[in-house]
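*Asks:* Give me coordinates for this.
(2 chains)
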There are 2 protein chains.
Amino acid sequence: MTARMLDGRALAGRLERSLQQEVETFAAMFGRRPRLVVVLVGDMAASASYVKSKSLAAARVGIDSDVVPVAATASTADLVALVKALASEKHGPADGILVQLPLPPHVDTVAVLDAVPPDRDVDGFHPENAGLLSQGRPRFIPCTAAGVQRMLIDAEIPTAGKHVVIVGRSDIVGKPLALLLASRPPVGCPPDGTGGCDASVTICHSRSGDLGHLTRQADILVAAVGRPGLITADMVRKGAAVIDVGINRVEGKLVGDVDYGPVSEVAGWISPVPGGVGPMTVAMLMSNTLLAAEIRRRP
Amino acid sequence: MTARMLDGRALAGRLERSLQQEVETFAAMFGRRPRLVVVLVGDMAASASYVKSKSLAAARVGIDSDVVPVAATASTADLVALVKALASEKHGPADGILVQLPLPPHVDTVAVLDAVPPDRDVDGFHPENAGLLSQGRPRFIPCTAAGVQRMLIDAEIPTAGKHVVIVGRSDIVGKPLALLLASRPPVGCPPDGTGGCDASVTICHSRSGDLGHLTRQADILVAAVGRPGLITADMVRKGAAVIDVGINRVEGKLVGDVDYGPVSEVAGWISPVPGGVGPMTVAMLMSNTLLAAEIRRRP
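*Replies:* Sure, this is the predicted structure:
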C-alpha cells in the first residue's frame, strides 16, 4: 500500500483563510488588529527562517507583527528586561510575545521564557499554561502539539480508544501532545467526540528499551526527537498514521525523523517534511495570537 | 510465585522519622514549626477520616496543623474568600493550605483550588505547580504521585527503560505520575539515576480499547481508577510490580482496584490496600508542608 499524505500545508492554508475572517471581525469590532511580537536573538539562519515564516503568515491572516532583533551577546537579564518591557505596554501592541528558540548557550532560557506573562504566552511555554493544559483546561496549547491534533481531526483519523505512541518527551511537543490526546473530550477536540482525544498514549524516548516493540503497536505514531531516519519501516504497523515532527537539515535538505519512502509503503497515513507539521505549527501560532487578543478584550 | 509486598506503612514510618528530624532543625533555626491548614467542608465520614490521618501525621512529625471546618452549605465565593483569607496572613501560620476533596456538588472545585497560592499549594493542584512538574522542575508534586515514585525508588524497582502502564488519567494521580516517571533524571528521583524516572509510560483509561493488552506489557502497573477488582490476574505480566492506588469501600471494607489475592500470585511486587499507597500519600504531604515552610523562609 502507499500511505495517504497528511498535507499540512494545504490544511494550514484552509485554517489561515478561516483565521483571516476572524481577524477581520476582530479588527472591525475593536478598531485594531491582533499583534504578535517576536524576539529574535542572534543571527542563526534557521531561527531567522522560522521567524520569517511566522511574519509572512501573520501578514497573510491580517495580524500585525514585529520582530525585535537582539544581539547574540545579550545577557539573561537583558532579555528578561526586554520581555518585561514588551509586556508592560498595557494598552500597547503585544497581544502575543514569542521568544524564538534556541537562545545562545550563555542565556538561561527558562528564565527568559518565564518572563512572558501567561496571558500573552502564545507559544504555551509558561508553566501556568503547561499546567492548564495538563488539567484539561488549556489556554494556549503549544503550537506544534495543537497542529498535530488538528491534523488528526481534519483527516478524521480516530483517536478514541486507539493507541498513540509518541517518541520524544520534550516540553514543547511530546509531553503536551500526550496530555492532549489522552484527555477527556473536549480539550481542543470537536465537541461531538470525533477525534483528537480519549486515546491510550505511550510516551517513549532515547532511554526506552525496545523502541520498535512500542512503535509497532501504534495506531498513531508521532516522531518528535530530531534524529533523521529514526523511524524505519519495520517499526511501523501496517496502516498506522505516522506523524513526523522532526525537522533536520541533512546535506542542506530538510528531512524529518521518519524514513519517508519505505515507511509510506507500510503506513496508512503519513505527514511529509517539509509540508507537514511545520506549516501547521505556524497556523496554530496565528490562532493563539488571535486568542491572546481576544483574551485581552475580555472584561 | 508470591509477590513481595510493598509496605507503604513501614516506608511512610521511616520517612516520617526522617522528616521529624528535619522539622526539628527547621524549628530550631526559625523559632517556629511548619504549619498546615486543612479546610474541611461538610461532614462526609471519609473526608473527616482522611483529615484526621493528616492531623495525626502532622503531630507525629512535629508540624503544627489546624482544621478549619466549614458548613456543607458554603458557596464557592465563601470558600474562595476563606482560602484567600488564610493565605493573606503574610506572616501567619499557614505554610501549607489544603482543601479536602471532594467538595459539595454545588461548589466550583477548580475555582476554590485555584485560590490557593502556588507557593502554599502542598497538594500540588495549582496549574502553575502542575506545569512546573510537567516541565521537569517540580515545586510541589501531588502527594500520591510522589508517594508511588518514592515506593519504587525505595524498593529499588528499576524504571529506566522499563514500561510503566498507568490505568487512570486523573489530574491528581495518573497524569502527574506519568510525567514524573517519564521524565529525565533527576525529577524527584535520586541523582545517581537509580530509579523513579526515564521510563516509557503508557496512560490508559476507561475509554481504552483492550486494557489487558496494554497492562500485560507493564513492568510496572499502576491502577488509579477507583473501581474494585479492575485489575485481575490475567491482566498482569509475571513478575511485574503492581501499585494499587484505588481506595474503595466495599461492604464497609477498604479495597483497592487490584484483585489482590490472585494478582499477588502473578506479580513480583504488590502494594496492599490499606497500608500501601495511602500512608505514603500522607507522608508526602508532610514533606510538601516542610518544603512550603522552607520556601517561605527563602529570601
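*Asks:* element containing A:Lys84?
*Replies:* Remark: A:Lys84 resides in helix A:76-88, with elements defined by DSSP states H and E.
*Asks:* Summarise which helices and strands that helix is packed against.
*Replies:* strand A:35-41, strand A:64-70, strand A:96-99, helix A:109-114 (3 or more C-beta pairs under 8 Å, 6 or more residues apart in numbering or on different chains; DSSP states H and E). Quick note: C-beta positions are derived from backbone N, CA and C, even for glycine.
*Asks:* Where do the helices of the stretch 101-250 of chain A begin and end?
*Replies:* A:109-114, A:127-134, A:143-154, A:174-182, A:211-215 (DSSP state H, counting those that start in this stretch).
*Asks:* Chain B contacts on chain A?
*Replies:* A:110, A:126-137, A:160-163, A:169, A:171, A:175-176, A:178-179, A:182-184, A:198, A:200-205, A:207-209, A:214 (C-beta under 8 Å from any C-beta of the partner chain).
*Asks:* Pretty sure A:Glu24 sits against A:Val61.
*Replies:* No: using C-beta atoms under 8 Å, A:Glu24 is not in contact with A:Val61, being 9.3 Å away.
*Asks:* low pLDDT regions in the stretch 1-150 of chain A?
*Replies:* A:1, A:90-92 (pLDDT under 70).
*Asks:* ok, and what's touching the helix holding A:Lys84?
*Replies:* Helix A:76-88 has contacts (C-beta atoms under 8 Å, 6 or more residues apart in numbering or on different chains) with A:37, A:39, A:41, A:68, A:70, A:74, A:94, A:97, A:99, A:103, A:106-108, A:111-112, A:115-117, A:120.
*Asks:* rerun at 6 Å
*Replies:* A:Val37, A:Ala94, A:Ile97, A:Val107, A:Asp108, A:Ala111, A:Val112, A:Ala115, A:Val116, A:Pro117 (C-beta atoms under 6 Å, 6 or more residues apart in numbering or on different chains).
*Asks:* I'd like to know how many residues surround A:Ala27.
*Replies:* Here the count is done by other C-beta atoms under 10 Å in any protein chain shown, and A:Ala27 has 16 residues near it.
*Asks:* coming back round to it: among the contacts of helix A:76-88, name the buried ones.
*Replies:* Buried subset of these (neighbour count, 16 or more other C-beta atoms under 10 Å in any protein chain shown): A:Val37, A:Ala94, A:Ile97, A:Val107, A:Val112, A:Ala115, A:Val116, A:Pro117.
*Asks:* So the nearest residue to the last one once chain neighbours are set aside versus A:Pro93, what's the distance?
*Replies:* Leaving aside its sequence neighbours, A:Pro117 sits nearest to A:Ala87 (C-beta to C-beta, 6 or more residues apart in numbering or on different chains; 4.9 Å). Separation of A:Ala87 from A:Pro93 (C-beta to C-beta, to the nearest Å): 11 Å.
*Asks:* before we move on, what about A:Leu79?
*Replies:* Taking C-beta to C-beta, one finds A:Leu79 at 19 Å from A:Pro93.
*Asks:* Please apply the same query to A:Ala58.
*Replies:* Taken as C-beta to C-beta, the span from A:Ala58 to A:Pro93 is 12 Å.
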